[in-house]
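>>> Give the three-dimensional model of this entry:
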Amino acid sequence: MFETEINRYLSSHHLAHIRLRAVLFDMDGVLFDSMPYHADAWAEVMNRHGLRFSREEAFLHEGRTGAATINIAYNRQYGHDAPPELIEQIYAEKSAAFASRPEPGRMPGAPELLRKIQAQGLVPVLVTGSGQRTLLERLGHQYPGVFAPERMVTAFDVKHGKPHPEPYLMGLQKAGVQAHEAVVVENAPIGVQAGHAAGIFTIAVNTGPLDGQVLLDAGADLLFPSMQALCENWEELYRNLSAV
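Below you'll find the predicted structure:
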């Protein structure tokens, strides 16, 4: 099990093996069950500003920086980027709308998976397109001692957000590993694209409403229906990754 997908990755990247040393985690929809609240907040605020934006579209743009998401909607309607001051205003309103929602819980399976990878001596790294300070602060409370500040990549750190590979390349750098020494755990198409473009074995967890094929088409090497399923299969996956 998993041998076919691992060997396909190795062959396509001209590698002999994966020496797993780090696991790079997205945040929203992977560590926190927060995406429904993000989707509600984006749709509410964008439409308030006259920008057509559905709740479903928010899931497709998940992982982008806020500015990039706003510019996509603005460009579609007006044919040019939004003024910087409007981007700042819309994102501030979106952040406030998100903060007014109930506190998102930890994604089922995520805490147990993190305990497993830490017990195996692997380094957990956060790679998120989010600039939501409330979630970043909550990370330390709900996952205490897991993500060291020097091993976190957020919207504040990168020039090019996902789907550009820069966030995951920076994640590798912060972990002190190479692409064949890490795996990515993502739930969003553009996050999968970013991990794939960075040359990292990318695991998709379909925790949202999208068809799983969308994640495979984006370049996922493996697809699980949930974080819980990944957690339950982690030992076998780890053995297979270590065996090749």
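>>> Do you know the pLDDT at the residue at the greatest distance from the centre of the chain?
Within the chain, residue 78 marks the point farthest from the mean C-alpha position, 29.1 Å out by C-alpha atoms, centre = their mean. Predicted confidence (pLDDT) for residue 78: 96.
>>> And for residue 149?
What the model reports for residue 149 is a pLDDT of 87.
>>> quick one: it from residue 138, how far?
Plainly put, residue 149 is 14 Å away from residue 138 if you go by C-beta to C-beta, to the nearest Å. Any C-beta I mention is one placed from the backbone N, CA and C, and that applies to glycine too.
>>> of those two, who's got more company?
For the pair residue 149 and residue 138, the greater number of neighbours falls to residue 138 (18 against 8), based on other C-beta atoms under 10 Å.
>>> for that one, what are its contacts?
Contacts of residue 138 were listed using C-beta atoms under 8 Å, 6 or more residues apart in numbering, and they are 32, 103.
>>> hmm, which helix or strand of this protein has the shakiest average pLDDT?
The helix or strand of the chain with the lowest confidence, counting by mean pLDDT, DSSP states H and E, is helix 133-142 at a mean of 77.
>>> Who are the packing partners of the very next helix or strand once past that helix?
Next along the chain after helix 133-142, taking DSSP states H and E as the criterion, comes strand 152-153. Of the remaining helices and strands, those touching strand 152-153 by 3 or more C-beta pairs under 8 Å, 6 or more residues apart in numbering; DSSP states H and E are strand 123-127, helix 166-175.
>>> among those, which is the most enclosed?
Here the criterion is mean neighbour count by mean count of other C-beta atoms under 10 Å, and of the helices and strands packed on strand 152-153 the winner is strand 123-127, at a mean of 25.
>>> on that earlier part again, which among the helices and strands packed on strand 152-153 is found nearest to residue 190?
Across the helices and strands packed on strand 152-153, residue 190 has its closest neighbour in helix 166-175 (10.4 Å, C-beta to C-beta).
>>> For the closest one, give the mean pLDDT please.
pLDDT averaged over helix 166-175 gives 97.
>>> which residues sit against it?
Outside of helix 166-175, the residues within contact range by C-beta under 8 Å, 6+ apart are 21-22, 24, 123, 125-129, 150-153, 157-161, 178-179, 182, 184, 194-195, 197-198, 200.
>>> Then stretch 209-223?
The set of residues that contact stretch 209-223 without belonging to it, under C-beta under 8 Å, 6+ apart, is 2, 5-6, 8-9, 56, 59-60, 186-187, 189-190, 192-193, 195-197, 201-206, 225, 237.
>>> and these, which of them are in strands?
Helix and strand membership here follows DSSP state E; of the contacts of stretch 209-223, those in strands are 186, 201, 202, 203, 204, 205.
>>> now those residues as JSON lines including neighbour count and pLDDT?
Output for the ones in strands among the contacts of stretch 209-223, formatted as JSON lines (neighbours: other C-beta atoms under 10 Å; pLDDT from 0 to 100):
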{"residue": "186", "neighbour count": "31", "pLDDT": "97"}
{"residue": "201", "neighbour count": "24", "pLDDT": "98"}
{"residue": "202", "neighbour count": "28", "pLDDT": "98"}
{"residue": "203", "neighbour count": "25", "pLDDT": "98"}
{"residue": "204", "neighbour count": "30", "pLDDT": "98"}
{"residue": "205", "neighbour count": "29", "pLDDT": "98"}
